[in-house]
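In: any chance you can model this:
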Amino acid sequence: MTRSLRAALGILLSVGLLYWTLRNERWTDIWATLRDSDLPLWAVATIVSQLIFPLRALRWRVILHPLAPNVPLGALWRATAIGMMVNNVLPARAGELARAYAIGRYDPQVPFTAALGSLAVDRTFDAAVLVMLLALAALDPAFGTATALGDRTIGAVVATSTLLVVAAFTVLAVGAFAPARVVALGSGMVRTLRPAWEPRVRLLITNVTNGLGVLRDPARFASVFAWTLAHWLTNAAAFWLGFKALGLEVPMSAALLVQGVIAIGVSIPSSPGFFGVFEIAGKTALVLYGVAETDAVSWALGFHILSFIPITLIGAWYFIRLGMSMGAVREASGGT
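Out: Down below sits the predicted model:
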């Protein structure tokens with residue numbers, strides 16, 4: 001599937017989901033709900049929502065340490081902001097490629113492919129902690145695991161997600177603890193099929209496995225887990241403040257469940273900024289707690305827009321200052 005086709009399908013999906021989410025709502029009701037909410041508390045929620053990005057940079061520094069121990073934190077923060085901005089304005093999670101490219105521009109000791117390997121670790125830790133927090137929310141007496149989420153129960157979603165996380169960690173662990181075997185296997189297969197590609201593929205696999213080095217260090221593994229937990233608890237706190245701004249009467253654990261459901265939703269390829277996917281996932285999760293649909297949609301739209309704008313503007317500023325172009329990013333990634 002070509003990049004253009006993936007983008008078009010993602011945009012169509014987002015438009016369809018936005019229509020489905022808003023089909024029974026009136027914009028005047030949504031506007032009235034937001035207008036009458038606690039605006040200062042919304043401002044606090046917005047500020048807290050932006051704190052997760054420096055936390056991501058701090059975690060990334062730990063992940064990259066075995067490969068590049070002296071990467072400046074400022075460079076990691078700027079590359080993270082650039083990646084989030086690109087995810088917000090371009091489809092197909094192009095921000096991951098932009099983030100890996102940007103850190104290499106800021107610090108040449110980090111090869112593009114090694115940065116991609118480190119981001120695989122980054123995202124796998126995200127998934128593990130999100131599943132853990134989703135399970136904790138589902139165990140809250142205020143919420144039962146038999147509650148339906150679409151055509152599946154929350155318990156089934158947690159179980160399936162756990163299996164996927166375990167599988168992802170297993171794959172990464174093989175690359176981290178047996179890199180020579182992985183390189184030999186991958187380059188051997190390519191040598192058989194396309195001998196001319198073997199040197200390039202060998203270098204690619206070597207760099208990717210180098211980016212997994214943090215998994216071999218128990219202390220750094222624990223540090224990455226701690227930063228990931230801090231990141232998602234901060235994000236949940238921002239959600240909770242948004243709930244309170246609208247006066248939603250839900251347990252604190254609802255923030256953990258809502259962010260888990262949204263994270264599952266935005267893993268589906270969609271339009272830039274995950275519009276449509278974010279709204280329907282947030283609405284679906286909040287309605288499980290008895291929140292009125294208009295209130296749920298109002299929170300999802302309000303929080304999404306307010307958290308979207310600051311990091312997009314910051315990332316755009318760094319993108320321009322660095323003199324980046326998406327053409328250069330695509331070239332570095334082999335045109336993917």
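
In: count the residues that sit near residue 258.
Out: 31 (other CB atoms under 10 Å). In short, each C-beta sits where N, CA and C put it, glycine included.

In: packing partners of the helix or strand encompassing residue 8?
Out: Per DSSP states H and E, residue 8 falls inside helix 3-22. The contact analysis (3 or more CB pairs under 8 Å, 6 or more residues apart in numbering; DSSP states H and E) places helix 3-22 against helix 277-287, helix 293-322.

In: ranking these by burial, who's on top?
Out: helix 277-287 (a mean of 24; mean count of other CB atoms under 10 Å).

In: what's that one in contact with?
Out: For helix 277-287, contacts defined as CB atoms under 8 Å, 6 or more residues apart in numbering pick out 13-14, 17-18, 20-22, 149-150, 248, 250, 254, 257-258, 261-262, 264-266, 268, 270, 293, 295-297, 299-301, 303-304.

In: just the mean pLDDT for the helix or strand harbouring residue 113, thanks.
Out: Assessed by DSSP H and E, residue 113 sits inside helix 112-139. The average of the pLDDT scores along helix 112-139 is 85.

In: tilt between that helix and helix 277-287?
Out: Relative orientation of helix 112-139 and helix 277-287, computed by axes from the mean of the first three to the mean of the last three CA atoms, to 10 degrees: 20 degrees.

In: quick one: helix 112-139 to chain centroid distance?
Out: On the basis of CA atoms, centre = their mean, to the nearest Å, helix 112-139 sits 8 Å off its chain's mean C-alpha point.

In: buried residues in that helix?
Out: 112-122, 124-135, 137-138 (16 or more other CB atoms under 10 Å).

In: against which helices or strands is that helix packed?
Out: helix 52-64, helix 94-106, helix 154-177, helix 198-210, helix 218-246, helix 253-266.

In: got the angle between that helix and helix 253-266?
Out: 140 degrees.

In: poorly predicted segments of the stretch 151-300 of the chain, please.
Out: By pLDDT under 70, the low-scoring segments of the stretch 151-300 of the chain are 151-155, 157-158, 161, 207, 211, 269-270.

In: run the last query once more with 80
Out: 151-162, 164-165, 168-169, 171-173, 175-179, 182-183, 186-188, 190-191, 193-214, 267-272 (pLDDT under 80).

In: contacts for stretch 197-207?
Out: Outside stretch 197-207, the residues within contact range by CB under 8 Å, 6+ apart are 111-114, 117, 179, 182-183, 186-187, 190-191.

In: TSV for those, including distance to residue 37?
Out: As requested, the contacts of stretch 197-207 are exported to TSV (distance: CB to CB, whole Å):
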residue	distance to residue 37
111	47
112	44
113	46
114	45
117	43
179	52
182	52
183	55
186	53
187	58
190	57
191	62
